[in-house]
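Turn this into a model:
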Amino acid sequence: MLFVTELIAFVGVKAFRIKTIQQKFITLLISIVIAFSLYTFSGLRNLPFSIETAIYLFPFFIMGNVFSGSLQRKENVVKHAVAGGIFIVLGTLLSLTSDSVDYVSDAYGNYLMFILVATLLSGGFLLICASIPKEIKPLSYIGKNTMGILLMHKFPIMFFVSIVPVTRALIAEKPLMGAILISTVTIGLCLVANVVLKQIAPWSIGVPRKSVPVR
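Sure, this is the predicted structure:
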């Protein structure tokens, strides 16, 4: 699905040389209209390579492109934290009135409400993260290696949730505690895998292989 998203972005963003903020916002609106129309009126499901999921979630790719690099100003730390908290509260309250979402089965309920809630919550957490001092090394390290976590997280999560009896029981009895524990261990394992990927397949996480000098 991520590969298909990259292909759509290459055609929809790079090929048309969409660079300005105005062009990106127009592209965002168009992607939402297309996704909403397809989800509401056609109900695309189970296409090869999850093409339909890439279309339904493509607006978030464009949002990332629009806001990339806009949360780096240190003087706005307090504003980021306050705005992030407000966004999270609003997103949480709206989520209580909206349908449940499952992107695996392409179930989004009211699609426009899903976009609004997910944008508020995602934006809120991004703003909170932008307000965290970079001097906190562990969080900074995790933030710089999120591609490896994105690439590898499914394997340990499925292992703990589906195979290990102890964590399966913990998830069933105490979902929040189990989720926190499994998420923490998963991030740690993914960071270890990320170190290995940097050595053997740096291209898989977007790291260019360093050229070896010829002697």
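
Do a quick rundown of the helices in this structure.
Listed in chain order, the helices of the chain (DSSP state H) span 2-9, 21-37, 51-67, 77-95, 111-130, 137-144, 146-152, 154-158, 165-173, 175-200.

Tell me which of those approaches Ser105 most closely.
Across those, Ser105 has its closest neighbour in helix 51-67 (9.6 Å, C-beta to C-beta). Yep, even glycine has a C-beta here, placed from its N, CA and C like the rest.

Summarise which helices and strands that closest one is packed against.
helix 2-9, helix 21-37, helix 111-130 (3 or more C-beta pairs under 8 Å, 6 or more residues apart in numbering; DSSP states H and E).

buried stuff in it?
51-63 (16 or more other C-beta atoms under 10 Å).

Any regions of this protein where pLDDT drops low?
For the chain, applying pLDDT under 70 flags the ranges 69-75, 209-215.

which ones are touching Ile132?
Counting by C-beta atoms under 8 Å, 6 or more residues apart in numbering, Ile132 touches Leu139.

give me phi/psi at it?
When read as degrees, to the nearest 10, the backbone of Ile132 gives phi -80, psi 130.

quick one on the thing from earlier: got the buried residues of helix 51-67 as TSV, with distance to Ile34 columns?
Output for these, formatted as TSV (distance: C-beta to C-beta, whole Å):
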residue	distance to Ile34
Ile51	13
Glu52	11
Thr53	14
Ala54	12
Ile55	7
Tyr56	10
Leu57	12
Phe58	8
Pro59	9
Phe60	14
Phe61	13
Ile62	11
Met63	15
